[in-house]
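In: Sequence first, then the predicted structure, then my questions.
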Amino acid sequence: DLIRKGTEEILPDDALELKLQNSIKSKQPLEVKCGCDPSRPDLHLGHSVILRKMRDFQDLGHNVTLLIGDFTAMIGDPSGRNKLRPQIDQKIIKENMQTYINQAGCILDMKHVRIAYNSKWLKEIDFLNLINICSKITVSRMIEREDFNKRYKSGIPIFLHEFLYPIAQAYDSVHLKADIELGGTDQKFNLLMARDLQREFNINPQVVITTPIIEGTDGKEKMSKSLNNFIGLTEKPSDMYGKILSIPDELILRYFEFCTWSSLKEVKDIKKRSQGESWDPRNEKRSLARKIVEIYHSREKANKAELDFDNLFIKKDIPDNIPTFSITEKDFLIDSIVKSKIISSRSEFKRLVKQGAVTVDGKKVDDFRVKASTLKLKTIKIGKRKFLQLI
């Protein structure tokens, strides 16, 4: 039950049972692999689903490998793409790699995780060996992939190096001799290709376990930083708490099931409550928010985040310890706000001003060109949860 919880598919199911039985008989742990390309610097709750499944295998005593796709990231994963994905600079890849490892430690026991980098073996493959690997895979097999098939039929170019991505990912499983590989449902083609390639190299094929793709706070698109519907693993407790309370009611059960350590019984109980007339989604969501904040911070910080939220949105109080930022007489408000890093860009601030989401001592700001010096020691509120005081 522990292995099946939080999964979408297990392929093939009977092979998993056999591998687990053989592992118990031989007292040899299974080799469990999960790969990630460091294409962005931060992990979010969407990534936590698969990391949680890795932790389950850890707790059962198996060997888990977090594979950093520093080589494949330079190709760019075409999964779910209707056009060419831009290639990523090596410097950015290296910076993102370290943040992935640090943030994965929020869920995994990093003392017992093998960190591997596929550049160590992929960059050593010469052209003759590459031809040998590619000779084991047909073009018709590649075109079976849904996104490639759609692009081919629509006349959208498919570049040859994009074909190499699933081949490279599959070869990772050959090199690591993976017994089990974990991945999101969008990775199914790549994971199954690894089974095919392992057979060609006379390796017992891995079992594929897919986990669901989690919707973001908008309840529509998959969680993504680029769509600004994400909840980061390292966000401040108050921000994390507030974002969770903003999700649609329809996602409450799904987040309990895939984003917390709730047991199957707890999830069933929540589902039963949600079908009753007296169900209170607001309180259920508050419970969910506390659980998730506690996972990445602590119970004390989760309770504090809830108290701060209540003071801010129910009692309409201003939080304690508002951050401050020093200004000069020449600074405009927009420049000071961006320099303080409370928001990321001038365009974002302009948009918030136009939306009426920036206030000074409760009064809306309608001109982003106002001098910052006129607002000294006043409380600036940006959006729903961000505050700043200029000094």
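Out: All right, it came through fine.
In: And the contacts of the host helix or strand of A194?
Out: Using DSSP states H and E, A194 sits within helix 188-200. With contacts defined as CB atoms under 8 Å, 6 or more residues apart in numbering, helix 188-200 is touched by 9, 11, 79, 133, 136-137, 141, 144-146, 165-167, 169-174, 178, 181, 183, 204-206, 208, 210. Placement of C-beta: from N, CA and C, glycine included.
In: Among those, the buried ones, what's the ChimeraX command?
Out: To isolate the buried subset of these in ChimeraX, counting by 16 or more other CB atoms under 10 Å, use the following:
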select :11,79,133,137,145,165,166,167,169,170,171,172,173,174,178,181,183,205,206,208,210
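In: count of residues packed around I180?
Out: Using other CB atoms under 10 Å, I180 is surrounded by 24 other residues.
In: ok, now which ones touch it?
Out: By CB under 8 Å, 6+ apart, the residues touching I180 are 16, 19, 30-33, 57, 62, 206-209.
In: now, which of these sits nearest D239?
Out: Of all the contacts of I180, the one with the least separation from D239 (CB to CB) is F57, at 30.7 Å.
In: helices or strands next to the helix or strand of the chain with the lowest mean pLDDT in the packing?
Out: Lowest on mean pLDDT, DSSP states H and E among the helices and strands of the chain sits strand 324-325, with a mean of 74. Contact analysis of strand 324-325 by 3 or more CB pairs under 8 Å, 6 or more residues apart in numbering; DSSP states H and E lists strand 386-390 as its packing neighbours.
In: mind exporting the strand it packs on as CSV, just the C-alpha atoms?
Out: These are the backbone C-alpha positions of strand 386-390, laid out as CSV (Å, rounded to 0.1, in the frame of the first residue of the first chain):
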residue,chain,number,x,y,z
LYS,A,386,3.7,41.8,1.2
PHE,A,387,4.6,44.8,3.3
LEU,A,388,7.5,47.2,3.3
GLN,A,389,8.5,50.3,5.2
LEU,A,390,10.9,52.9,3.7
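In: Pull up the pairing partners for that strand, direction included.
Out: When pairs are called by DSSP bridges, strand 386-390 turns out to pair with strand 324-325 (parallel), strand 379-382 (antiparallel).
In: mind checking which of these is nearest N303?
Out: Closest among those, using CB to CB: strand 379-382, at 23.6 Å.
In: Perfect, that will be all.
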